[in-house]
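> my questions are about this predicted structure, shown below with the sequence.
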Amino acid sequence: MRAAGPEDVAAGGGQRGVRSWMLFDWANQPFQTLILTFVFAPYFAAGVIGDPVRGQAVWGTASAVAGLAVALLAPVLGAVADRTGARKPWILAFSLPYILGCLGLWLAAPDTPRLDLVLLAFGLAFVGSEFTIQFTNAMLPDLGPRAELGRISGSGWALGYVGGLVSLLLVLALLVPAPGSARTLIGIAPVLGLDPALGEPARATGPLSALWYLLFAWPLFLFTPDTARRGRLAGAVRGGLSDLVKALRGLGSHRSLAAYLLASMIYRDALAALFTFGGIYAAGVLGWGAFQLGVFGIAAAGAGALGAWIGGRADRALGPKPVIVVTIWLLILVCLIVLGTAPGQAAFLPVPVGSKAPDLTFFFAGALLGAAAGALQAASRTLLVHQAEGRIDGAQAFGLFALSGRATAFLGPAMIAAVTAATGSQRLGVSPILLLFVIGLGLLTWVKTGESTTESA
């Protein structure tokens, strides 16, 4: 990865620049928390489609298509961006489809005849979110010395999870009625006269995510220094594609980097699928509504913030790879708990009918998921910086990282959709996630760390 020169950004532009970069995780997080995981996706499966099993299959297909689009475009755009230099114009360009897509999710009324528009809006928001994250991540190497990148990355992820936690609290306090009640967590009717019968509280999470982004993303553009513009877009396309081909060919001589990209491709796909379908699973199998899912999300987000913060410190002390290995084992445990939990069963143990044990067990799994995922995601982007250093430029490296995270992103949802449709069971439908985590863990054995990352063979 090319070291920042004097014409480029200086060591993160000070603490204000670093904090503004971290705040972007906060700005983007409601899409991950409210839309993909805890509120909108379960509502879509149960409320818009009406059949949780078919809804899980439809959502899985839509996620797969959007993930495939990201996989195809990410490395190309990353290589072109390294030629043009500046990252912020790319972040700004993809902010537009993200905001428009989030606003379009309001159209997701129950039994809507324009399901195609809802899915298109979801696709725009998904692609926009992924690419703004890609180019923001590409700014990480210039935010401080290498020894501090794990702490910076972990603190950023922690702040993002806090953003998800706060957004969920706002949704429960202002939008979503408590079970068996017409009033929210703080005892008021849903604001703006939102009608739960029409799914309006869940639909409103789309516009809320867009507004949240507009409110909190702007400090990045104002205060975080960017690399200098080095060329025009027209000339950068051919050069960027050439650079990408060269980088792909060079992966054969950088075996540790190649192994890491392959491993992360698998385990991050599993993590994304677990987040995407965890809420849908709870809604369909345990019968949870938006309120219970919101509380579940609060537990996961709170644990995620703590996990990312602790993981960042562990990353600084031990390096990113041990953090990744431990957290994947924890996520395998989460998968086993989820698969063994249903009405009358908690972590494979039989419980009396009507017992709250399955719900409490699933809450515990959600907290463990959040804690492990926060540390895993933060350490993953730090390890990429270590592995790519001296080999691939920043945006291109994170473009390949996005490719490795999305090249099979369609596979996880597609496997879940296929197994769910074939078995008619949501529990069996999510079983491929466990297999993907195990494969990713095995591939990490080929990833070298420390001084060994400087060796190409």
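Good, I have the coordinates.
> got any ranges where this protein has weak pLDDT?
Low-confidence regions of the chain, defined here as pLDDT under 70, cover residues 1-13, 230-253, 390-400, 402-410, 450-457.
> strands along that one, start to end?
Assigned by DSSP state E, the chain shows strands spanning 345-346, 349-350.
> most tightly surrounded among those?
strand 345-346 (a mean of 18; mean count of other CB atoms under 10 Å). C-beta coordinates here come from the backbone N, C-alpha and C atoms, glycine included.
> list the helices and strands that strand packs on?
helix 357-388 (3 or more CB pairs under 8 Å, 6 or more residues apart in numbering; DSSP states H and E).
> before we move on, back to that, tabulate the strands of the chain in TSV, adding columns for distance to L257.
As requested, those are arranged in TSV below (distance: least, CB to CB, whole Å):
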stretch	distance to L257
strand 345-346	42
strand 349-350	43
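> what's the closest of those strands to G370?
Nearest to G370, of all the strands of the chain, is strand 345-346, at 19.4 Å by CB to CB.
> residues near the residue lying closest to T449 once chain neighbours are set aside, how many?
The shortest distance from T449 to any residue that is not its chain neighbour, by CB to CB, 6 or more residues apart in numbering, is 4.8 Å, and that residue is K321. The criterion is other CB atoms under 10 Å. On that basis, K321 has 22 neighbouring residues.
> what's the closest non-adjacent residue to G440?
What sits nearest to G440 in space, not counting adjacent residues and going by CB to CB, 6+ apart, is Y267, at 2.9 Å.
> re earlier: quick one: which of the strands of the chain is nearest S20?
Each of those has some distance to S20 by CB to CB; the shortest is strand 345-346, at 44.0 Å.
> quick one: contacts of the closest one?
Outside strand 345-346, the residues within contact range by CB atoms under 8 Å, 6 or more residues apart in numbering are 340, 351, 355, 357-358, 360-361.
> Serialize those residues to CSV and add fields for neighbour count and distance to I188.
Converted to CSV, the contacts of strand 345-346 look like this (neighbours: other CB atoms under 10 Å; distance: CB to CB, whole Å):
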residue, neighbour count, distance to I188
G340, 16, 38
V351, 17, 35
S355, 14, 32
A357, 17, 32
P358, 21, 30
L360, 13, 28
T361, 21, 31
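> can I get these in CSV including distance to T33?
Formatted as CSV, the entries for those read as follows, by distance: CB to CB, whole Å:
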residue, distance to T33
G340, 25
V351, 29
S355, 28
A357, 26
P358, 23
L360, 21
T361, 21
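> so which of these is the closest to G294?
After measuring the contacts of strand 345-346 against G294 - CB to CB - the closest member comes out as L360, at 16.4 Å.
> contact partners for that closest one?
L360 makes contact with A346, according to CB under 8 Å, 6+ apart.
> what distance do you get for it to A299?
Noted for L360: a distance of 11 Å to A299, by CB to CB, to the nearest Å.
> cool, L120 as well?
Counting by CB to CB, the gap from L120 to A299 is 32 Å.
> the more surrounded of the two?
Each of L120 and A299 had its neighbours counted (other CB under 10 Å), and the higher figure belongs to A299 (22 against 15).
> the nearest residue to the more buried one once chain neighbours are set aside: what's it in contact with?
On the basis of CB to CB, 6+ apart, the spatially nearest residue to A299 that is not a chain neighbour turns out to be A367, at 4.6 Å. A367 makes contact with 299-300, 302-303, according to CB under 8 Å, 6+ apart.
> hmm, L220 is touching T136, no?
Yes. At 6.9 Å, L220 and T136 qualify as touching, with contact defined as CB atoms under 8 Å.
> between these two, which contacts overlap?
Both L220 and T136 are in contact with 21, 24, 91, where contact means CB under 8 Å, 6+ apart.
> quick one: which of the residues you listed is most hemmed in?
Each of these was scored by neighbour count (other CB under 10 Å); the top score is that of F24, with 27 neighbours.
> re earlier: reformat the shared contacts of L220 and T136 as TSV; add distance to E148.
Compiled in TSV, those are given as follows (distance: CB to CB, whole Å):
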residue	distance to E148
W21	13
F24	18
I91	23
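> name the residue most distant from the centre of this structure?
P352 (36.1 Å; CA atoms, centre = their mean).
> alright, I will stop here.
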